[in-house]
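# pasting a predicted model and its sequence here:
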Amino acid sequence: MVLSPPDSNTRTESSSPGVLQDVSTPQLRKNRSFISVLGMSFAITAVPYGLGGPLMSSIYGGGQLPMFIGVLADVVLQGAVAVSLGELSFRYPTSSGVYYWSYRLTENKRYQHAMAYFTGWVWLISNWTIALFVNYGFASLIVATVTVYQPKWTATANETFSTAKEGRHSTSYGLTHYDTSISGWGEFSFFIGLLPPAYALSAIGMVMSMTEECSKPDIEVPRAISMWFPIGGASMLAFILPICFTLPPLEDILAAPYGQALPFIINTFTGSKPLSLALLIMVLMVTLFCSISIMTAASRCTWALSKDGMLPFSRI
């Protein structure tokens, strides 16, 4: 593993005072700006897929209350994480990301390499896992979208469609309805409902792997990570609130094919297969961009560990 202190020939002081960055021989073109990194952050978050893909967890978790509170709580908590990541990426702007930070911040020099190696592999496996999960969710969402025109389940009743067309839920019901009888976990089911917002926000740190492709990494990457917090939170609220106010009966959603609640919900409250298909195609396009961005970030993470000699056969 090749990790050196900042006074070596691989990591030195950058042009910005107090900032350390990787200034080894550039291997990637610096063709990314602040806007492109910020756009990649939102593509990875992919609010319609990030919230809509695992939405069934919120249904088991009790419905509207954990959906709404989950978005608020996760945005605040992940916002604190984003600000911390932004600060570290400003101080140490390197594509090595969290494992180089753990190397620099470990006070006991004897454990620096061990901490960096452990952190790097956890980071790498996390990147691979979430990339695989996004593509698996993408595939299941495509299959569930097809069932809008070719339904193969029998739980959908005519009353479901007529209820959606007659009106929307009241404010109190749309934001505070909580059913603990579905999951079998009682009041603890509330925490199950928090999973979709947490999943949507779990990969914000992946853009750190794009540092070497930025012309001003100590400015562009921290700013993009920090700006995600207010804009991403607003977009998540804009997506989840209409769902809370138009959510069909939870028992009907549980019968949605392939465990995908979003196509069933959209088809129910629109009452139109063509309109549902059009909306779901837009969701699928967002998911496609998420898949591309997250695979790119995961590949850069793999490249960073290989560059530092932390992967088998990295010297070949």
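Yes, it's here. Numbering: from 1, shown residues only.
# what ranges does this protein have for its strands?
For the chain, the strands defined by DSSP state E occupy 11-13, 20-22.
# need the pLDDT of L288.
Model confidence at L288, expressed as pLDDT, equals 91.
# which ones are touching it?
The contact partners of L288, taken as CB atoms under 8 Å, 6 or more residues apart in numbering, are F138. From N, CA and C alone the C-beta is placed, and that goes for glycine too.
# got it, and G61?
183, 189-195.
# burial count for S209?
S209 has 26 neighbours, counted by other CB atoms under 10 Å.
# list the residues that contact the closest residue to F264 other than its chain neighbours.
Spatial nearest neighbour of F264, excluding adjacent residues (CB to CB, 6 or more residues apart in numbering): A256 at 3.8 Å. Taking CB under 8 Å, 6+ apart, we find A256 in contact with 56, 144, 153, 263-264.
# what two of those are the furthest from one another?
Farthest apart among the contacts of A256 by CB to CB are M56 and W153. That separation is 13.9 Å.
# those two: which has the busier surroundings?
Legend: neighbour count by other CB under 10 Å for M56 and W153, higher for M56 (20 against 11).
# measure the residue nearest to F264 to L241 for me?
Separation of A256 from L241 (CB to CB, to the nearest Å) stands at 21 Å.
# same question, L250
For L250, the distance to L241 - CB to CB - is 18 Å.
# same check, this time on P274
With CB to CB as the criterion, P274 and L241 are 25 Å apart.
# for G205, same thing?
Between G205 and L241 the distance is 27 Å, computed by CB to CB.
# now swap in F90 and tell me
From F90 across to L241, the span is 34 Å (CB to CB).
# of the two, give the one with the bigger neighbour count.
More crowded of F90 and L241, by other CB under 10 Å: F90, with 21 against 16.
# quick one, what contacts the more buried one?
19, 218-219, 221-222.
# before we move on, what about L201?
45, 50, 74-75, 78, 232.
# now tabulate the residues you listed in CSV and tack on neighbour count, pLDDT and distance to S140.
Listed next are the contacts of L201 as CSV, based on neighbours: other CB atoms under 10 Å; pLDDT from 0 to 100; distance: CB to CB, whole Å:
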residue, neighbour count, pLDDT, distance to S140
T45, 25, 87, 19
G50, 27, 87, 14
D74, 21, 88, 23
V75, 20, 89, 26
Q78, 23, 88, 25
G232, 22, 84, 24
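# closest to S209 out of the residues you listed?
For those, the nearest to S209 is T45 (15.7 Å; CB to CB).
# surely that closest one and I231 touch.
No. T45 lies out of contact with I231 (CB atoms under 8 Å); the separation is 9.8 Å.
# can you tell me how far L250 is from K109?
When L250 is compared with K109 (using CB to CB), they lie 55 Å apart.
# of the two, who's got more company?
Shown here are L250 and K109; by other CB under 10 Å, L250 has more neighbours (18 against 8).
# my read is that that one contacts S58, right?
No. The criterion here is CB under 8 Å, and L250 misses it with S58 at 9.6 Å.
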